[in-house]
Structures are given as structure tokens and as C-alpha cells.
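> Using only what follows, build the 3D model:
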Amino acid sequence: MFPTSRKEMQALGWDQADIILVSGDAFVDHPAFGAAVLARMLQSDGFRVAVVPQPNWQDDLRDFKKLGEPRLFFGVTAGNMDSMVNHYTANKRLRSDDAYTAGGKAGARPDYATIVYSKIIRKLFPEKPIFIGGIEASMRRFTHYDYWQGQLRKGILADSQADLLFFGMAEYPLLYAAQHLRNGVDFSELKTLNQIQYLTDEKPEAAIVLHSHEACLKSKKVFAENFVLFERNANSYEGKTMAQQSGEKWIVANPQSKPLTEKKLDKVYNLPYTRKPHPRYQNKGEVPAFSMIQHSVNIHRGCFGGCAFCTIAAHQGKWIASRSEKSIQKEISKIAASDDFKGHISDLGGPSANMYRMHGIDMNRCKKCKRPSCIFPTVCDNLNTSHEPLTRLYAKVRKNHQVKRVSIGSGIRYDLIFGGQKKYRETGEKYLEDLVTHHVSGRLKVAPEHTQDSVLKIMRKPSFKQFHQLKKQFSEINKKHGLKQQLIPYFISSHPGCTVPDMISLSAETNKSDLITDQVQDFTPTPMTLATVMFYTGLDPYSGEELFVAKSGNEKLAQRKYFFVKKKENQQAIRNDLKLYRMTHLENKLFEQNSKKPRKR
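Below is the predicted model of the structure:
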């Protein structure tokens, strides 16, 4: 286990760590936790790595000083979530718990944790390099809208006083940086690495130049134009350097690295994780996020869905990097050998469960393409959407005598099953039957997100007709195999472009279709997503078209109540809306009691 105290360092015979990682999460040595992946990668190359998890930033700062100064650098991350998303609900209310803290206790990290930690370290150790990374740093790397302050903020590197920002899944760039420093390479040479961001006084040559931070403050239009440049470059197979002026400095981001090869991704997951929280949390309660994924296996990275509200492609990349079957089976065997394993693998998935091994047919076409989504508005004819490798993997895992059951907890993209070339659709339908008959624990959760095609188009999601197609096939498979399972859709209210009439129609449609709508959420604007740019600007940044945006708390609640039409306190307001929008013809569909079974809310 990695040392988190001076006593633990001394027990290892260390007088100094090479690298100290500071994290906003409790330290869990599991490949689903970013700090653990970084620590294991660095350790695998001989570096002495110590960890300061969730340091107290409000006292005499002893947590930051207890391990002393690292020989090479400090690495800082807010954790597996943006600290503001971690702290606040969509209505900006403070959350009462934290899934990444022992005992689920809230308040173990500050708002804007990356900035707070980095500034403290800079004050205490002014000469030591500070590298920041993780989802918070990655998605705030240029001028971005901050929902919690209701304003634009400059790129986080300029605010944090750190030396370098490592964006995306950056275990290899960070390892290369550490190797350079160990070998005595001048610090300035690190600025040539891929997937890093740095500050400079001079405008770089041969870079995509974004509008300055100051220009964004003056014009929502130029801020929207920045996003288009950013997203197109981020979705390019061979991205270019990007630069933005912020005050007197230039923020420069080198191109993202190429997708990891199978061999390199296997190395990440084959490292000797203990798959347990650090012993320091003994008797402090479980870490809820760990309990949820303890016996899960990640089989690939990346997502080419391009959903408007999602950060995955901008962080993990659009291109799918998949693990070998051998590596996956090795991890499953390790889980099965643990004392706490009861025979159930809770997930065998990724950002989208069924994108495993999917890729372009002609990669030369892919390298020229800048589409933000390979499956919207239609599935690309150059995309290999065969589900055969995944179905084969499931079958092999089921043969493992140590495993009683494998559930697929990650969401599936049903547009991959029904779209694309005919020969691939056949493998998708076989996959769906295999999934429903062997890997659904009573409920299959999918994310249509809305019922109205006008809203779905803005979300970059397929028509709701495809959900009905899924529902039909799901029912037929259940009937064929004598199963009684439920299809659970996820829906979002208050997404940019969504109006109260759209929510009325959603509620009427779900009631008519006998759908269980207990998996719902209000849209939360998170940094550097298309939907957040729409929320702030009121514009589609690609077309320049104006959009309706529900911004105030009352406007959001006006939409959210349509997930709860059976609540008596909502019904008069809903009837008033029906009159206002001349939609009284839907009243019966909204309020009638379903004849088949009670609706669950």
C-alpha cells in the first residue's frame, strides 16, 4: 500500500518520496480511481510514490507538510469528480454526502479543490513543480462557464499557480514526465509532451488560436465559437496544438495522445492493485463509490456517442481503446480469488457498455473526420459496430466456474444495435438477446433522455422511435425465455432547448407507454460540454440558432414536476400549464391511472 503518513514512509525505509500525489478523494487502490492508477503506473517504473488523500485545507496545513518535499514533483487532482459537481445539486443545494469519502461524509474537500490544493502547495514549497490533472482540471483547461458562480472562468492552469496540466487519461504522459525529470532533462523539455498544457509569454507558432479569455467575457458568440474549435480538435484523430491568451499569458495545450494500444491499456489494468481502500479508513465506514464498483471490470475506454451534455469524449477521447480478453479474464480471476467475492461481477463495461472493440473500417477516413459523434445523426457507414467480440467475451466469462453471475451495469447504446450496416445489426440483435437473457439483474437501464425528437436532436441522441423498438424487442426476448424483467429509461429535464410543452409531452408519452420513470435528473451544466455552452449563451454554437434555456430555479422546477405528475401538490400547476399551452387534450393521458399496474415514482 502507498504511504500516506511519515510513519508509513519510515516503515518502508524512505527518507523522501519521489512524487507526492494530493487527491480530493479517499485513496482506494482500485483501477476505477484515478489517483490509484497514477500511483501504480509511477511505482511500476521504480518511483517512490506517496499519497495525501483529502488533506485538511482549513487548519495549520499539517497534512500538506507531513510527508515533506518530494524529490521530483507534486501531483494534484480534485478526484474522480469535479469538486463542484461533487458538492452541489442541480439546484445548487449543498449535498449531504460524498460517495468518495469514508463513511460517505460530506465536507472532506474544498470547492475548486484543484486550485485550493495547488495554491497551498505553491506557498509551502515554492520551488517544487506542481502538476494538476483529473476530470476537474481536464474539463476546465480553457475559458469555461462555471454554473455555480454563474460566470466564465479562465483556464484553470492560470488560476491554480501550477506548472503543468495533464488533461484526459494521462497516466502515460505523467509517467514520461517523471522519467524525464529523473533523467535530469531540463524542465522546459516537458512542454514538448503530448496531452499537457502550460503557460508561456509568447504566442506559439502553428497552433489553433482561440479567442482570448477577455474576448469571451465580452461576447457569448465568440465563447461559442471557441467551443466549436475546441470540440472539433478534440475529436480529431490527429489533433493540433491549441492556444488561448489569458491576461498577459498564453495557455497552450499540446495535442492529445493517440488512443492507447491494447498492450498499453492492458498494462494499466494488469498492475498489482489491492482493490481495497487504504488501511487508514479502517473503522471509518465504507467508501460508497468503492462499494458500488468493487467487483466491476472496465473493458475499454472512450466514447464516440458525442452526447451534448457529456464530458467523456473530451476527457477519455472519442476513439475506443479496448483491453485484451486475456487481461480482462486475469482481472476477473483476481476478483474471484478475493475473500469478499460472492460470485457476482457487477459490471463488465465502460463509458458505453457495448462499444468494446468498435472502430472505423477505413481509418484513413477516420483521420480526416471531425464529426463529434460517430452515431448521430446516423450511425456512420464507416463504423464497425459488430457486437460479436463482446458477445464472445461474455460467453467466455460465463464459463469461469468461479463466477456465478455477470451483470452489465454500464449503459448500452441501443442505436448501435439498430443502426449501421446490416451485417452488424444482426450481431447487435444477438447481443441484445444474450444481454437480456444472461446479464440483466431484473432491470435493464437505458438512457433515451427525452421523448421529443426536437429535444433529442439538440442532445445528439437518437429518435425515441428507437427506444420503442428496443422496448418491443426487450418484451419479445423476455416472453421467449419466460423472464419478467423491466426496462428502465433515464430522462433529463431542463436541458437547453427543452420547454414546458416538451415536458408535458414527455410525461404523457411515458404514462401512455407504461414506463417506470424513477430514474430522472435535472440538467446540471458542467464545464466544457456543448450543452453547458448552450445553457450560458442561449445559442447552438454550430448553427448560431437561439435556444430556449430554463435557467432559474423556478424554471427548472416547472419542468421537473412533470416527472411527478401523480403528486397532488403538482397537479393544479400542471392543469394551469395545460391551459396556458393549449394542451388540455393531454390531461387524461397525464392523470389517468395506468390500467396494467401502478406507476412507480
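
> where do the helices sit along the stretch 501-601 of the chain?
530-537, 553-560, 568-580, 587-591 (DSSP state H, counting those that start in this stretch).

> residues contacting the closest residue to L12 other than its chain neighbours?
Excluding the flanking residues, the one nearest L12 by Cβ to Cβ, 6 or more residues apart in numbering is P3, at 6.1 Å. C-betas here are computed from N, CA, C, even on glycine. P3 is in contact with 9, 11-12, 14, 17, 50-51, 67, counting by Cβ atoms under 8 Å, 6 or more residues apart in numbering.

> Most widely separated two among those residues?
Greatest spacing in these, by Cβ to Cβ: A11 and V51 (14.7 Å).

> Give me the more crowded residue out of those two.
It is V51, of A11 and V51, that has more neighbours when counted by other Cβ atoms under 10 Å, with 26 against 10.

> thinking again about what came up before, so which of the contacts of P3 are in strands?
The strands, defined by DSSP state E, take in 50-51 from these.

> May I see the contacts of P3 arranged in CSV, with distance to F290 and pLDDT as well?
Below are the contacts of P3 laid out as CSV (distance: Cβ to Cβ, whole Å; pLDDT from 0 to 100):
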residue, distance to F290, pLDDT
M9, 24, 97
A11, 24, 96
L12, 24, 97
W14, 26, 97
A17, 24, 98
A50, 21, 98
V51, 15, 98
L67, 23, 98
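
> Would you mind writing the PyMOL command to select the buried ones in the contacts of P3?
Buried subset of the contacts of P3, written as a PyMOL selection, criterion 16 or more other Cβ atoms under 10 Å:
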select buried, resi 9+14+17+50+51+67
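
> tell me which of the contacts of P3 is nearest to E171?
V51 (15.0 Å).

> and the helix or strand harbouring L348, what does it pack onto?
Using DSSP states H and E, the element containing L348 is strand 347-349. Contacts defined by 3 or more Cβ pairs under 8 Å, 6 or more residues apart in numbering; DSSP states H and E place strand 347-349 against strand 296-298, helix 388-398.

> can you tell which of these is closest to L193?
Across the helices and strands packed on strand 347-349 (criterion: Cβ to Cβ), the nearest stretch is strand 296-298, sitting at 25.0 Å.

> which neighbours does the closest one have in its sheet, and in what orientation?
Here strand 296-298 is paired, per DSSP bridges, with strand 347-349 (parallel).

> so what strands line up beside the helix or strand just after the partner strand?
Next along the chain after strand 347-349, taking DSSP H and E as the criterion, comes strand 359-360. Taking DSSP bridges as the criterion, strand 359-360 sits next to strand 383-384 (antiparallel) in its sheet.

> Show me what the strand it pairs with is in contact with.
By Cβ under 8 Å, 6+ apart, the surrounding residues in contact with strand 383-384 are 304, 358-361, 374-375, 420, 424.

> Tell me the pLDDT of the residue lying closest to N298 once chain neighbours are set aside.
Residue nearest to N298 in three dimensions, not counting chain neighbours: G350, with 5.7 Å by Cβ to Cβ, 6+ apart. Listed pLDDT for G350 reads 95.

> for the stretch 201-350 of the chain, which spans come out with low pLDDT?
Applying pLDDT under 70 to the predicted model, the stretch 201-350 of the chain contains no residue that meets it.

> so where do the strands sit in it?
208-209, 242-246, 249-253, 276-277, 296-298, 300-301, 321-322, 344-345, 347-349 (DSSP state E, counting those that start in this stretch).

> need those in JSON lines with distance to Q179, can you?
Formatted as JSON lines, those follow (distance: least, Cβ to Cβ, whole Å):
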{"stretch": "strand 208-209", "distance to Q179": "29"}
{"stretch": "strand 242-246", "distance to Q179": "25"}
{"stretch": "strand 249-253", "distance to Q179": "21"}
{"stretch": "strand 276-277", "distance to Q179": "29"}
{"stretch": "strand 296-298", "distance to Q179": "26"}
{"stretch": "strand 300-301", "distance to Q179": "23"}
{"stretch": "strand 321-322", "distance to Q179": "22"}
{"stretch": "strand 344-345", "distance to Q179": "35"}
{"stretch": "strand 347-349", "distance to Q179": "32"}
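
> Nearest to A215 among these would be which one?
A215 sits nearest to strand 242-246 of all the strands of the stretch 201-350 of the chain, at 8.6 Å, using Cβ to Cβ.

> how far does the closest one sit from the chain's center?
Strand 242-246 has its C-alpha centroid displaced from the chain centroid by 25 Å (Cα atoms, centre = their mean, to the nearest Å).

> what angle do it and strand 249-253 make?
Strand 242-246 and strand 249-253 meet at an angle of 160 degrees, taking axes from the mean of the first three to the mean of the last three Cα atoms, to 10 degrees as the criterion.

> before we move on, the earlier item: which of the contacts of P3 fall in helices?
Residues of the contacts of P3 located in helices (DSSP state H): 9, 11.

> between the contacts of P3, which is closest to A558?
The closest of these to A558 turns out to be V51 (Cβ to Cβ; 45.4 Å).

> From L67, how far off is the closest one?
To L67, V51 is 9 Å away according to Cβ to Cβ, to the nearest Å.

> Same question for M363.
According to Cβ to Cβ, M363 stands 46 Å off from L67.

> next one: F474
From F474 to L67 the distance is 53 Å (Cβ to Cβ).

> Could you do S494 as well?
Distance, S494 to L67, using Cβ to Cβ: 44 Å.

> winner for burial among the helices of the stretch 501-601 of the chain?
Compared across these, helix 530-537 shows the largest average neighbour count, a mean of 24 (mean count of other Cβ atoms under 10 Å).

> tell me which strands and helices it is in contact with?
Packed against helix 530-537, as judged by 3+ Cβ pairs under 8 Å, 6+ apart, are the following elements: strand 144-146, helix 220-234.

> What strands flank the first one, and is each parallel or antiparallel?
The reference is to strand 144-146. Strand 144-146 has its sheet partners listed here by DSSP bridges as strand 151-153 (antiparallel).

> Toward the C-terminus, what is the element adjacent to the strand it pairs with?
In the C-terminal direction, the helix or strand that comes right after strand 151-153 (DSSP H and E) is helix 156-160.

> Give me the residues contacting that following helix.
Residues contacting helix 156-160 (Cβ under 8 Å, 6+ apart): 76, 114-115, 118-119, 130, 132, 136-137, 140-141, 153, 164-165, 197-199, 246-247, 249, 251.

> what does stretch 350-357 give?
If you take Cβ under 8 Å, 6+ apart as the criterion, stretch 350-357 is touched by 298-305, 312, 316, 320, 322, 347, 386-387, 389-390, 393, 408-413, 416-417, 428, 431.

> give me that answer again for 7 Å
With contacts defined as Cβ atoms under 7 Å, 6 or more residues apart in numbering, stretch 350-357 is touched by 298-303, 305, 312, 316, 320, 322, 387, 389-390, 408, 410-413, 416, 431.

> so where's the protein shaky on pLDDT?
Along the chain, segments meeting pLDDT under 70 span 593-601.

> go with 90
Scanning the chain for pLDDT under 90 picks out 1, 91, 370, 420, 441-442, 511-519, 566, 589, 591-601.

> What are the structural domain limits within it?
Structural domains annotated on the chain: 6-200+246-253, 445-450+470-477+487-601, as defined by automatic domain parsing.
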